[in-house]
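[1] Below: sequence and its predicted model.
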Amino acid sequence: MIVPTSAHVHSMASLAVGGGEAVDYYSDKLNAADVGSCFQVVKTKSKGKIIVATSDISKGVLIHRESPLVAMQSLDNKFDVVVCHYCKCNIGTLEQQIDLLQRKINRLDYLKYEQSWTLLGEEDIKRPPSHVVCSCGEIYCSSECQGNDNARNGHAILCTGPIDGESSREHPIIQFKLHAMETNEIFILAAQVVTSIIMRYKKDPKRSKEAFKRFVQNKWWDVVWPSNTAGDESEVLEEKNMLANTLYELSMESFHLLRQAILSNCSPVQISDKEFDELFNVDYYGSIIGMFEQNNLGIRRKSLVALGIEAKMADVNAPVPKGQGVAAGQSVESGLLGKLL
């Protein structure tokens, strides 16, 4: 059994930049910040804007920290690792994570599961004081994170929790998400940008897209083809056009499903057809996905399994006390790893 030791997250932070006034605004903010004492954003003729050190920086020194504008856990990874839907911190215990990996329990059972054995004590893993499960099944480490996800990302707009009945599969929100699962999960992340823009629009219509203007935003179907592809020029061009047409058609399908989903949602956040069409169209949707293609960051966050192995392997030969799931005298290597592999 292959053991995932991390949560796989797609994210986009605002340090990856494109051009224009929004970039000048952001770099000016960086230079004015306290963290700017050890680095500065400067303009160059050949490289555009770059970050240069203004003093010696020791290894391990934190020079900048920011939260991603949007982030999502890879769909396949959700079956193996449970993290907060908003902040992506680990939820639960090492025991639960291992049993989830071994398919003894599933996500629905995860937080109701009665633990039958313990390998890590309370001092090893900090457990959240309370967790919240949305009616759609998404799990949060706290009510604060759930509130932030609704207020900033507009989770409630595409939440499947309120949808019930025999015809639920035909609901536009379900149809949009099924299409994304069957074609490309990046559409779900693109939808998060759309709903976050809607939340910003409700607060300040003139600045609803400002946070995303600093990114390079070429359309997905224009940037996905590798620029250095070798081969016969006419054949390469034909394949490139075929791929571009396929991606455009997929984006068109996804966008129309998303439009129907948002306009039919049952959340308190409502937007009219006219408002939606003024904010979004297929080309802008393609630019959002192209923005991921050019600026996206893949993040691996250590799971409780990885943290547990590291904690115990630091003293591999240390015996585990009786009553903790491993017989006295067994090493962690034979006890913990034996359960995992």
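    Everything's here; your move.
[2] in the stretch 51-200 of the chain, which spans are strands?
    Taking DSSP state E, counting those that start in this stretch to define them, one finds strands in the stretch 51-200 of the chain at 70-73, 132-133, 139-140.
[3] any chance of those in JSON lines, plus mean pLDDT?
    Below are the strands of the stretch 51-200 of the chain laid out as JSON lines (pLDDT from 0 to 100):
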{"stretch": "strand 70-73", "mean pLDDT": "90"}
{"stretch": "strand 132-133", "mean pLDDT": "88"}
{"stretch": "strand 139-140", "mean pLDDT": "92"}
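[4] how about these, which one is nearest Ile98?
    Closest approach to Ile98 among these is made by strand 139-140 (17.5 Å; C-beta to C-beta). Every residue, glycine included, has its C-beta placed from N, CA and C.
[5] Run through who's touching the closest one.
    82, 84-86, 91, 107, 110-111, 131-134, 146, 149 (C-beta atoms under 8 Å, 6 or more residues apart in numbering).
[6] So which of those wins on neighbours?
    Within the contacts of strand 139-140, most neighbours by other C-beta atoms under 10 Å means His85, with 25 neighbours.
[7] coming back round to it: closest to Val42 out of the contacts of strand 139-140?
    Nearest to Val42 among the contacts of strand 139-140: Tyr86, at 34.9 Å, using C-beta to C-beta.
[8] and that closest one, how far is that from Ala151?
    For Tyr86, the distance to Ala151 (C-beta to C-beta, to the nearest Å) stands at 10 Å.
[9] Between these two, which contacts overlap?
    With C-beta under 8 Å, 6+ apart as the test, Tyr86 and Ala151 reach no residue in common.
[10] Buried deepest among the strands of the stretch 51-200 of the chain, which one?
    Ranked by mean neighbour count under mean count of other C-beta atoms under 10 Å, these are led by strand 139-140, which reaches a mean of 23.
[11] Starting from that strand, tell me which strands it pairs with and how they run.
    Strand 139-140 sits in its sheet next to strand 132-133 (antiparallel), going by DSSP bridges.
[12] Give the closest residue to Gln175 in space, chain neighbours not counted.
    Leaving out its chain neighbours, the residue that sits closest to Gln175 by C-beta to C-beta, 6 or more residues apart in numbering is Leu257, at 5.4 Å.
[13] isn't there a helix covering that neighbour?
    Yes. Under DSSP: H, G, I helix; E, B strand; the rest coil, Leu257 sits within a helix.
[14] That one: how many residues sit nearby?
    So Leu257, with other C-beta under 10 Å, has 21 neighbours.
[15] One more: Glu253?
    15.
[16] And what about it, helix, strand or coil?
    In the three-state summary, Glu253 is assigned as helix, counting by three-state DSSP.
[17] what's the pLDDT at it?
    With respect to pLDDT, Glu253 scores 98.
[18] Which residue is the nearest non-sequential neighbour of it?
    Counting by C-beta to C-beta, 6+ apart, Glu253 lies nearest to His179, which is 6.4 Å off, once chain neighbours are set aside.
[19] thought the one you found was touching Ser254?
    Yes. Assessed by C-beta atoms under 8 Å, His179 is found in contact with Ser254 at 5.9 Å.
[20] So for Ile262, which of the strands of the stretch 51-200 of the chain sits nearest?
    Across those, closest to Ile262 is strand 70-73 (C-beta to C-beta), at 16.0 Å.
[21] Can you tell me, leaving aside adjacent residues, what's nearest to the residue positioned nearest the centre of the chain?
    Geometric centre of the chain, nearest residue: Met72, 1.9 Å, by C-alpha atoms, centre = their mean. Take Met72 and drop its neighbours on the chain: the residue closest to it by C-beta to C-beta, 6+ apart is Leu189, 4.9 Å away.
[22] Could you report the separation of the one you found from Pro68?
    For Leu189, the distance to Pro68 - C-beta to C-beta - is 11 Å.
[23] which of these two has more neighbours?
    Ranked by neighbour count (other C-beta under 10 Å), Leu189 and Pro68 place Leu189 first, with 20 against 17.
[24] With just CA atoms, put stretch 80-91 into PDB.
    Provided in PDB are the C-alpha atoms of stretch 80-91 (Å, rounded to 0.1, in the frame of the first residue of the first chain):
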ATOM      1  CA  ASP A  80      -6.600   9.800   1.700                       C
ATOM      2  CA  VAL A  81      -6.100  12.900   3.800                       C
ATOM      3  CA  VAL A  82      -8.600  15.000   5.700                       C
ATOM      4  CA  VAL A  83      -7.800  18.700   6.000                       C
ATOM      5  CA  CYS A  84      -9.800  21.900   6.700                       C
ATOM      6  CA  HIS A  85     -11.600  22.900   3.600                       C
ATOM      7  CA  TYR A  86     -10.500  26.500   4.200                       C
ATOM      8  CA  CYS A  87      -7.100  26.700   5.900                       C
ATOM      9  CA  LYS A  88      -5.900  23.200   4.900                       C
ATOM     10  CA  CYS A  89      -4.700  22.300   8.400                       C
ATOM     11  CA  ASN A  90      -4.900  18.600   9.400                       C
ATOM     12  CA  ILE A  91      -8.100  17.400  11.100                       C
END
